[in-house]
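Chemist: Prediction below, plus the sequence it came from.
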Amino acid sequence: MKPSSKIGIGSVQFGLPYGISNSTGQTSKEEVAEILDCAYNNGIRILDTAAAYGTSERVIGELHNGRFQLVSKFMPPASDESIADLLCKSLDNLQADSLYGFLAHRPLELLSNPKVWVDLQALKAQNKILKIGFSLNSPEEFYQLKTAGLNPDLVQFPFNYFDNRFKEIGEQLKAEGCEIHTRSVFLQGLFFLDTEQLSPFFEECKPQLEYLHHYYGTQLYGALLQYVLQQDFVDVVVMGVENAEQLQYNISAVYKAPVLTSLNTTFSDQIIMPMYWPKN
C-alpha cells in the first residue's frame, strides 16, 4: 500500500487563513485546483471539509469533479433548522449528491438534542450519507457519547508525535469496525517553527522541538507523517497543505523518513490543543 493512500486532504485553509505557521493566508482557488490535481495523481481520495471552514465547501464543490470521497462536518442546527437542512446546504456547496462522511463538529450537542442522531441515521438509510460520526477534541467527549449509546461509523480526532491521547480509543473503535481519521499531524505547523521565535507560552515544548530540529532537520516532515501513518488503527491521516509543492514534498518525504525515537514525556493540553494557544 502506498503511504499516500492513507492520506486525506484537510481543507480549512481553502476557506480561511489557518495555522500558526501559515504565512501565506487563505489558499487561492488556483492553488487549490493544483493541490487537488496533485492529490488525485498521488492516489489520495479523501477530502475533509466543514460548514465552519469559511468558503471551503464551495471551493471544493467547484473543483473536485467527482474524483474524491467527501467528508464534511456540521455545527448544531439552529432552532428553525433540521440536520437534513444542513446536509442539503453542504451538498449544494459541494455540488454532490451524497457524502462519504458527515460528522458532528460539536458532538456533545448531540446529547442535548438526540433527535439529530436519529435524523442522521435516517439520512444514512436514504443513502445521502455513507458514514456518520463525530469530530472529537478530547477523550472525555468520546466517553460521554459512548455512555449515551451513540455508536459512530467514522470518527476524526487529533493524533501526532506530541499527542497520543486517543491511541487507546482509536484501537478500541477500530476493533469495533469504526473508520478512524486523524488530524493535526503537524500540530498546525508548530513542529517546524523556530523556537527562538515562539512566545514563552510554548516554553514547555521548546527543548523537544529543538531536539527534533537538530536530529531530523529537513527529514522531520516525513518522520512526523510516517509516525501517524504507521499506526495500525489509523485509516486516514488528514493533512492540511498550503500548496501543491508542499503536498508533493510531504508525500515524497515519507518514503525516506527516519523512525522517530520514542517520546518519553507528555505535554499539557495547553500545548497539544491549539484552542488554548495565544491568538496573537
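Modeler: Cool, the structure landed.
Chemist: Where does I9 sit: helix, strand or coil?
Modeler: Per DSSP: H, G, I helix; E, B strand; the rest coil, the secondary structure class of I9 is strand.
Chemist: Please report the number of neighbouring residues for it.
Modeler: Burial of I9 is recorded as 25 neighbouring residues (other Cβ atoms under 10 Å). Just so you know, the C-beta spots here come from the backbone N, C-alpha and C atoms, and that holds for glycine as well.
Chemist: So A96 sits against V71, correct?
Modeler: No: judged on Cβ atoms under 8 Å, A96 makes no contact with V71 at a distance of 11.1 Å.
Chemist: Between those two, which has more neighbouring residues?
Modeler: Neighbours around A96 and V71, counted as other Cβ under 10 Å, are more numerous at V71. The numbers are 29 against 19.
Chemist: immediately after the strand or helix carrying that one, which helix or strand?
Modeler: Assigned by DSSP states H and E, V71 falls within strand 69-74. Following strand 69-74 in sequence order, the next helix or strand is helix 83-94 (DSSP H and E).
Chemist: Now that next one: buried residues?
Modeler: If you call a residue buried by 16 or more other Cβ atoms under 10 Å, then helix 83-94 has these buried ones: 83, 86-87, 90-91, 93-94.
Chemist: could you check the angle strand 69-74 makes with it?
Modeler: In terms of direction (axes from the mean of the first three to the mean of the last three Cα atoms, to 10 degrees), helix 83-94 departs from strand 69-74 by 130 degrees.
Chemist: Alpha carbons of stretch 114-128, as PDB, please.
Modeler: This file holds the C-alpha atoms of stretch 114-128, laid out as PDB (Å, rounded to 0.1, in the frame of the first residue of the first chain):
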ATOM      1  CA  PRO A 114     -30.700  13.400  20.500                       C
ATOM      2  CA  LYS A 115     -33.100  13.700  17.500                       C
ATOM      3  CA  VAL A 116     -30.100  14.900  15.400                       C
ATOM      4  CA  TRP A 117     -28.500  11.400  15.700                       C
ATOM      5  CA  VAL A 118     -31.800   9.700  14.800                       C
ATOM      6  CA  ASP A 119     -32.200  12.000  11.800                       C
ATOM      7  CA  LEU A 120     -28.600  11.300  10.700                       C
ATOM      8  CA  GLN A 121     -29.300   7.600  10.800                       C
ATOM      9  CA  ALA A 122     -32.400   8.200   8.600                       C
ATOM     10  CA  LEU A 123     -30.300  10.200   6.100                       C
ATOM     11  CA  LYS A 124     -27.800   7.400   6.000                       C
ATOM     12  CA  ALA A 125     -30.600   4.900   5.300                       C
ATOM     13  CA  GLN A 126     -31.600   7.200   2.400                       C
ATOM     14  CA  ASN A 127     -28.000   6.800   1.000                       C
ATOM     15  CA  LYS A 128     -27.400  10.600   1.400                       C
END
